[in-house]
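> Provide a 3D model corresponding to the input given below.
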Amino acid sequence: MRKAFISPLKYVQGEGELSNLGFFVKGFGSRALLIASRSGYERVKDTVDKTAEKFGVIFEVAEFGGECSYGEIDRLSELARKTGSGCIVGLGGGKAIDTAKCVADGKPVIIVPTIAATDAPTSHLAVVYSDEGVVVECRYLTKNPDVVLVDTEIIAQAPVRLLVSGMGDALATYFEARSHEKSFGDVVAGFPCGVKENVCPPVKQTRTSSAIAKLCYETLLSDGLRAKQACELKVVTPALENIIEANILLSGLGFENGGLSAAHSIHDGLTVVPEVHGSYHGEKVAFSTVCQLILENAPREEIETVVKFCLEVGLPVCLEDLGIKSLSAEKLAEVAAVACSPVSNMKFMPFKVTPDMVAAAVLAADKAGKDYKTLLCSN
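Predicted coordinates for the structure are as follows:
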């Protein structure tokens, strides 16, 4: 049996770690192209200047235009060539990070996330958009990042909602990896270097990836609320450190090596509803995870645990929480059709899932979430 496991070359996390960025850059040369939004760079400029001076490196700062698009990737790739940068540094949120990975593709890249809202930093996947913000492709790059450098002090200063959204994305990791294991599905860890087609050669998850996904879930349950409270106070605690690791590293390794299935497929379906566009990715994934558990007819205790966790940290548990006050039968059918499209990850469920089953699961999850909220409020 063919199995595979992929990961970044090095993951470093801690308070004040940005001050060591120059050390890691120097391993690839004396000059780096740093891709970041103007506001993101201004927040850390003093630290970047100090680490450049301390380690004798030069940062060519390139302002990120806001969209990981073909035009932006080409513009920054040309700038990297002109400056003779030995490596690329992506600093900021998911789109800036993905752009840096695309610009570097095959060359050294250091990722410095300033929020813990996604599991993009560790992966060899980048989502490419049109200039108008419409998803064009999921690009699989030559390799995972060389270094992922996480400064927990910076993340503690970010909006709490972003940290919580990252928990929502991480919440799906265990359940999707579990369904992948049951369905004997293939994972993207088997993609050959530089492949662009969304066709994965036969490769199964390792026991390691399964264990990582489970640890991710256990960490959320044990430290989620305390991490949120720490972030509200803008302080770094052991609980916050653990959740940052779960949101970025455990979830990142979990989804690439463990696989995606119903939760992210239903998330994709929900994006056709205009009202959800104000919700973050992880917020939609959290509700979609409840939908997956309904689809699986998971034990009542498990569903209750997930819903209570979501309510505890402030993640959506019903359609209204996502801004959907009413959902027509026609729009629900559209959501279900997208979730079950041939290119979705729904095929990695351990049984055949039809659009009618998804529609029923969305309504049942919405009802369950509302009922739990009412029950908790009454108590």
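> Spit out the contact partners of Ile303.
When contacts are counted by CB atoms under 8 Å, 6 or more residues apart in numbering, Ile303 touches 290, 293-294, 368. All C-beta atoms are positioned from the backbone trio N, CA, C, and that covers glycine.
> Out of these, list just those in helices.
290, 293-294, 368 (DSSP state H).
> Mind putting those into a markdown table with pLDDT, neighbour count and distance to Val307?
A markdown table is the format used below for these (pLDDT from 0 to 100; neighbours: other CB atoms under 10 Å; distance: CB to CB, whole Å):
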| residue | pLDDT | neighbour count | distance to Val307 |
| --- | --- | --- | --- |
| Val290 | 98 | 30 | 6 |
| Leu293 | 98 | 24 | 9 |
| Ile294 | 98 | 22 | 11 |
| Ala368 | 96 | 20 | 7 |
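> farthest pair in these?
Farthest pair in those (CB to CB) is Leu293 and Ala368. Separation: 9.1 Å.
> re the thing from before, and which of the contacts of Ile303 is nearest to Glu256?
The nearest member of these to Glu256, counting by CB to CB, is Leu293 at 22.4 Å.
> Do I have it right that the closest one meets Glu302?
Yes: between Leu293 and Glu302 there is a contact under CB atoms under 8 Å: 6.4 Å.
> List the buried residues of the worst-scoring helix or strand of the chain on mean pLDDT.
Ranked by mean pLDDT, DSSP states H and E, the weakest helix or strand in the chain is strand 135-140, scoring a mean of 84. Buried residues in strand 135-140, defined by neighbour count with 16 or more other CB atoms under 10 Å: 139-140.
> so how far is that strand off the chain centroid?
Remark: strand 135-140 is offset 15 Å from the chain centroid, using CA atoms, centre = their mean, to the nearest Å.
> going on from that strand, what's the next piece of helix or strand?
strand 147-151 (DSSP states H and E).
> That next one - what's its average pLDDT?
Summarised as a single mean, pLDDT over strand 147-151 is 98.
> do stretch 115-128 as well
Stretch 115-128 comes out with an average pLDDT of 92.
> again with stretch 240-249
In this model, stretch 240-249 has an average pLDDT of 98.
> which other residues reach it?
Contact with stretch 240-249 is made by 11, 13, 113, 116-119, 121-122, 148, 150, 152, 155-156, 163, 166-167, 169-170, 215-216, 219-220, 222-224, 226-227, 230-231, as judged by CB under 8 Å, 6+ apart.
> from those residues, which ones fall inside helices?
Those of these lying in helices (DSSP H): 152, 155-156, 163, 166-167, 169-170, 215-216, 219-220, 222-224, 226-227, 230-231.
> any idea where the strands of the stretch 151-300 of the chain begin and end?
With DSSP state E, counting those that start in this stretch, there are no strands along the stretch 151-300 of the chain.
> what bits of it have low per-residue confidence?
Scanning the stretch 151-300 of the chain for pLDDT under 70 picks out 190-201.
> where along it do the helices fall?
Assigned by DSSP state H, counting those that start in this stretch, the stretch 151-300 of the chain shows helices spanning 152-156, 160-183, 207-232, 238-245, 251-258, 262-270, 281-295, 300-313.
> Can you tell me which of the ones in helices among the contacts of stretch 240-249 are buried?
Buried members of those, counted by 16+ other CB under 10 Å: 152, 155-156, 163, 166-167, 169-170, 215-216, 219-220, 223-224, 227, 230-231.
> Correct me if wrong, but Phe351 is in a strand.
No: read with DSSP: H, G, I helix; E, B strand; the rest coil, Phe351 is coil and lies in no strand.
> Now do it against Ser7, distance only.
The gap separating Phe351 from Ser7 is 31 Å, by CB to CB, to the nearest Å.
> Then Glu320?
Glu320 sits 38 Å away from Ser7 when distances are taken as CB to CB.
> So which of those two has more stuff around it?
Under the criterion of other CB atoms under 10 Å, the comparison of Glu320 against Ser7 puts Ser7 first, with 21 against 16.
> who's in contact with that one?
122, 144, 253, 257.
> hmm, 7 Å instead?
Shown in contact with Ser7 (CB atoms under 7 Å, 6 or more residues apart in numbering): 122, 144, 253.
> now swap in Leu332 and tell me
Going by CB under 7 Å, 6+ apart, Leu332 touches 359, 362.
> Let the chain start at 24 from now.
Happy to do that; since the first residue is 24 now, the last one works out to Leu355.
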